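**Student:** Provide a 3D model corresponding to the input given below.
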Amino acid sequence: MASLLEKVQTLISANLHALVDRALQSNSIAVLDEYIRQVESSLEDLEDAVATVGGQLKTLQRKQEEYEGKARELDRNIDLLLQEGKEELATAAQAKLNSTLRLVESYREQVERQRAEYEKLQDARLKLEARLAAIKEEREELRALLELARSKEITLKAVQSLDDIAGIGDSDIARVAESIRARLDKVQARSEMLASRLDARMDEILERRQIDQQLAERKRRLGLA
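**Tutor:** Numbers count the residues shown, from 1 in each chain. This is a model prediction of the structure:
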């Protein structure tokens, strides 16, 4: 599970701006397509892991509750046995209660560890889904931009040919080239902006999840759950 989370963390921390830059430099969106394939594959693995760990968590919680019930029953029985003067039976019941309480504590610790693992997987899945949505948007914008750049290149060649014939200066070519560079600068700036908004959104979501968990725990203590 650790290796999966490490792989996912690597994908989450990938610099979207750098990915877009590499795609621009190679004049191809293949680098983004490869990143998208890796993210989608990791998402499938994450969903399977979330389901597996979630199932294990429910099993452990059920076993904890089962032994907590047995402990309560033993506790009542010990009082009854003592009231009836059955010291030997009360002693045996007390020993069994002690063993049961140790099991309860063991299951409680396992539940906490499993819940922490489950929440880490859920958080990773949430972040990775957001990254996938962001890079897919970038891919579509970049695809359109590259198509525009190709058409501009054709225009540049045509203008260059006309300049060669007519002896006109390079001012028109310079304006077209500058226009292309401006579009590329714009998509890079937009990538940085999207990455910033994504990080802010993730912080907001994770903070809300923490607050919801705290309120749920408080309701449980108050008997409102």
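**Student:** which residues in the chain form helices?
**Tutor:** With DSSP state H as the criterion, the chain has helices at 2-12, 16-26, 30-83, 87-166, 171-222.
**Student:** which one of those helices has the most crowded surroundings?
**Tutor:** Burial of the helices of the chain is given as mean neighbour count (mean count of other CB atoms under 10 Å); helix 16-26 ranks first at a mean of 17. Placement of C-beta: from N, CA and C, glycine included.
**Student:** Dump the helices of the chain to a markdown table, plus mean pLDDT.
**Tutor:** Listed next are the helices of the chain as a markdown table, based on pLDDT from 0 to 100:
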| stretch | mean pLDDT |
| --- | --- |
| helix 2-12 | 82 |
| helix 16-26 | 80 |
| helix 30-83 | 92 |
| helix 87-166 | 82 |
| helix 171-222 | 63 |
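**Student:** now the farthest one out in this structure, which residue is it?
**Tutor:** When distances to the mean C-alpha position of the chain are computed (CA atoms, centre = their mean), the maximum falls on G85, with 59.8 Å.
**Student:** Dihedrals phi and psi, that residue?
**Tutor:** In terms of degrees, to the nearest 10, the main-chain angles of G85 are phi 80, psi 20.
**Student:** looking at it, Y107 is touching R62, isn't it?
**Tutor:** No - using CB atoms under 8 Å, Y107 is not in contact with R62; the gap is 9.4 Å.
**Student:** Closest to the centroid, which residue in the chain?
**Tutor:** Closest-to-mean residue, the chain, CA atoms, centre = their mean: A124 / 2.4 Å.
**Student:** which ones are touching L82?
**Tutor:** Going by CB atoms under 8 Å, 6 or more residues apart in numbering, L82 touches A90.
**Student:** What separation do you get for the residue nearest to L121 when sequence neighbours are not counted and E119?
**Tutor:** In space, and not counting its chain neighbours, L121 is closest to V50: 4.8 Å by CB to CB, 6 or more residues apart in numbering. Look at V50 and E119: by CB to CB, to the nearest Å, they are 10 Å apart.
**Student:** same question, T52
**Tutor:** Taken as CB to CB, the span from T52 to E119 is 14 Å.
**Student:** what does V31 give?
**Tutor:** 32 Å.
**Student:** What of D48?
**Tutor:** Distance, D48 to E119, using CB to CB: 17 Å.
**Student:** ok, now T100?
**Tutor:** 28 Å.
**Student:** now E6
**Tutor:** Distance from E6 to E119, counting by CB to CB: 17 Å.
**Student:** wait, doesn't L46 sit right on D123?
**Tutor:** No - contact criterion CB under 8 Å: L46 and D123 do not qualify, at 10.4 Å.
**Student:** Leaving out the residues flanking it, which one is nearest to R143?
**Tutor:** Of all residues not flanking R143 in the chain, I29 sits nearest, at 5.6 Å (CB to CB, 6+ apart).
**Student:** for the one you found, what are its contacts?
**Tutor:** A23, R139, L142, R143, L146.
**Student:** ok, so of these, who is nearest L222?
**Tutor:** R139 (48.7 Å; CB to CB).
**Student:** For R131, see how far away Y107 is.
**Tutor:** Distance of Y107 to R131, given as CB to CB: 36 Å.
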